[in-house]
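*Asks:* no sequence on this one, just coordinates:
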Ligand code: MN
């Protein structure tokens, strides 16, 4: 295939060029005025961008949660991702307390068999593990880990575990991702709210204030500094937490940060609406001014990547809550948290390009390049260099598409962006040279996607 006359944006610049894709599903040639070969498919990309396929480094396509479950699975979630311009995702596996990490990994491997795009896994530890557990994962190409500083009852680990895993990951070339919120303090605020009879949705946000996110980021930074390791903060949501990242950078600490489109486009006011429960996610949506700070953080490089934390629920599951009450959840602590986003990430970040907040090159860096580099997918993913996988998006900056649930393909009946029309969508999406989506229609097949074993990083 030859994609002609597009505006090619990747790590090597922003220029008009042609992109040739070989029969082996890899980028064969990039340059001006390439001549079509006999029998070659020619795609006219004039007026469109040609960019590396998106890399979404934070998804939950398999996530049982109390009485309910995230409503996408690998076939539905990866098809929606492809339509939106994402061609690789990294899914979080959770090894629950008492469960062997490799058993958890085997569970997710089975779930992922129907993936339509390429995928990798992060491993979540919820209790102390030996160094061997880290080494076992790295050996299998699972080179990143997750630790929670929140949810004491189920997921949170103490500082000794954080220190041990940071050290073990550094030694074996892995990267630790962290949910940074002060879980103990939040727990106390939640108990206090319930005791006072404050059971409504808004209390989800009130009991998880931004300052407790910032405090956890600073705390983590200190542990990273002491262990001479590095870490990656997932779903950074607030201005104080961003300030804590900047302070860590100033101290020379290797602390990366990810944010998500929901923190750029939605605010806490949504929790007060009739469908407030549909906007419960963690960290919670913030006051509107935080989003401007986050956009600034994206433009200036303080925030490294944009991922989704994709974790949709159906309205029915959201209403019944984590305890599965037919009469509906009893208080805010029973509402399952998470938002759909795997399909809308690229266009929602593109909105920032349209508004002049970031450049097209920033958009490619945040959504594809940086996550690929950070998580050991580079240079096969996240670039259009010769020899890279031909995961390619032809991006039509003028294509308009409603963000109503019925117009999208994620397996949920509620869209947090309902009523919005987004301008800028893929006209063509390739996964290793094979079309997987055309102008809003999935044209791939389940099980086309492959597990990508990621490479350990040498920088400890
Ligand atoms: Mn998550």
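*Replies:* Done, it's in. It should be emphasised that the depicted structure is a prediction, and the values quoted were computed from it without experimental measurement.
*Asks:* and residue 27, which of the three is it?
*Replies:* Per DSSP: H, G, I helix; E, B strand; the rest coil, the secondary structure class of residue 27 is strand.
*Asks:* and it, bridged to which residues?
*Replies:* residue 21 (DSSP bridges).
*Asks:* so what's it up against?
*Replies:* The contact partners of residue 27, taken as Cβ atoms under 8 Å, 6 or more residues apart in numbering, are 19-21, 384-390, 392. C-beta coordinates here come from the backbone N, C-alpha and C atoms, glycine included.
*Asks:* which of those has the largest number of neighbours?
*Replies:* residue 392 (32 neighbours; other Cβ atoms under 10 Å).
*Asks:* was I right to think that one contacts residue 26?
*Replies:* No: using Cβ atoms under 8 Å, residue 392 is not in contact with residue 26, being 10.7 Å away.
*Asks:* what's next to the helix ranked longest in the chain, contact-wise?
*Replies:* Determined from DSSP state H, the single longest helix within the chain is helix 210-226. Contacts to helix 210-226, defined as Cβ under 8 Å, 6+ apart, come from residues 149-150, 159, 162-163, 166, 178, 180-182, 185-186, 230-231, 233, 236-241, 243-245, 247-248, 251, 253-255, 283, 286, 290.
*Asks:* ok, now how distant is the residue lying closest to residue 251 once chain neighbours are set aside from residue 214?
*Replies:* Distance criterion Cβ to Cβ, 6 or more residues apart in numbering; nearest residue to residue 251, sequence neighbours excluded, is residue 225 at 6.6 Å. Counting by Cβ to Cβ, to the nearest Å, the separation of residue 225 from residue 214 is 17 Å.
*Asks:* ok, these two, which is more surrounded?
*Replies:* Between residue 225 and residue 214, counting by other Cβ under 10 Å, residue 214 is the more crowded of the two (23 against 15).
*Asks:* skipping adjacent residues, who's closest to that one in space?
*Replies:* Closest to residue 214 by Cβ to Cβ, 6+ apart is residue 240, at 3.6 Å.
*Asks:* quick check: the one you found is in a strand.
*Replies:* No: assigned with three-state DSSP, residue 240 falls outside any strand and is helix.
*Asks:* for it, what are its contacts?
*Replies:* Shown in contact with residue 240 (Cβ under 8 Å, 6+ apart): 210-211, 213-214.
*Asks:* pull the most distant pair out of these.
*Replies:* The span of the contacts of residue 240, defined through Cβ to Cβ, is set by 211 and 213 at 7.3 Å.
*Asks:* rewinding a little: just the buried ones from the contacts of residue 240?
*Replies:* Buried subset of the contacts of residue 240 (neighbour count, 16 or more other Cβ atoms under 10 Å): 210, 213-214.
*Asks:* now distance to residue 31 and pLDDT too, for those, in TSV please.
*Replies:* Formatted as TSV, the buried ones among the contacts of residue 240 follow (distance: Cβ to Cβ, whole Å; pLDDT from 0 to 100):
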residue	distance to residue 31	pLDDT
210	48	98
213	46	98
214	47	98
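*Asks:* just the residues you listed now: which is nearest residue 367?
*Replies:* Nearest to residue 367 among these is residue 213, at 22.9 Å by Cβ to Cβ.
*Asks:* hmm, residue 276 is touching residue 270, no?
*Replies:* Yes: Residue 276 is within contact range of residue 270, at 6.5 Å (criterion: Cβ under 8 Å).
*Asks:* residue 258 should be in a strand, yeah?
*Replies:* Yes: Residue 258: assigned to a strand according to three-state DSSP.
*Asks:* what values do phi and psi take at the nearest residue to it once chain neighbours are set aside?
*Replies:* Excluding the flanking residues, the one nearest residue 258 by Cβ to Cβ, 6+ apart is residue 305, at 4.6 Å. With angles defined as degrees, to the nearest 10, residue 305 sits at phi -140, psi 160.
*Asks:* how about the one 3 residues further on?
*Replies:* Recorded main-chain torsions at residue 308 are phi -110, psi -30, according to degrees, to the nearest 10.
*Asks:* how close does it sit to residue 262?
*Replies:* With distances taken as Cβ to Cβ, residue 308 is found 8 Å from residue 262.
*Asks:* which residues do these two both contact?
*Replies:* Taking Cβ under 8 Å, 6+ apart as the contact rule, residue 308 and residue 262 both touch residue 341.
*Asks:* just the strands in the stretch 201-350 of the chain please.
*Replies:* For the stretch 201-350 of the chain, the strands defined by DSSP state E, counting those that start in this stretch occupy 230-233, 254-259, 305-306.
*Asks:* of those, which stretch is the most buried?
*Replies:* Highest mean neighbour count among the strands of the stretch 201-350 of the chain (mean count of other Cβ atoms under 10 Å): strand 305-306, with a mean of 30.
*Asks:* strand partners (parallel or antiparallel) of that strand?
*Replies:* strand 254-259 (parallel).
*Asks:* now do the strand it pairs with, average pLDDT.
*Replies:* Strand 254-259 shows a mean pLDDT of 98.
*Asks:* who's in contact with that strand?
*Replies:* Applying Cβ under 8 Å, 6+ apart, the external contacts of strand 254-259 come out as 57-58, 177, 217, 220-221, 224, 229-237, 242, 245, 248-249, 294, 297-298, 302-307, 374, 459.
*Asks:* that strand vs helix 210-226, what angle?
*Replies:* Here strand 254-259 runs at an angle of 150 degrees relative to helix 210-226 (axes from the mean of the first three to the mean of the last three Cα atoms, to 10 degrees).
*Asks:* distance check, residue 262 against residue 371.
*Replies:* Distance, residue 262 to residue 371, by Cβ to Cβ: 17 Å.
*Asks:* what of residue 434?
*Replies:* From residue 434 across to residue 371, the span is 22 Å (Cβ to Cβ).
*Asks:* and those two? Which one has more around it.
*Replies:* The neighbour comparison of residue 434 against residue 371 (other Cβ under 10 Å) goes to residue 371, with 28 against 16.
*Asks:* show me the contacts for that one.
*Replies:* Shown in contact with residue 371 (Cβ under 8 Å, 6+ apart): 55-57, 90, 305, 307, 377, 382.
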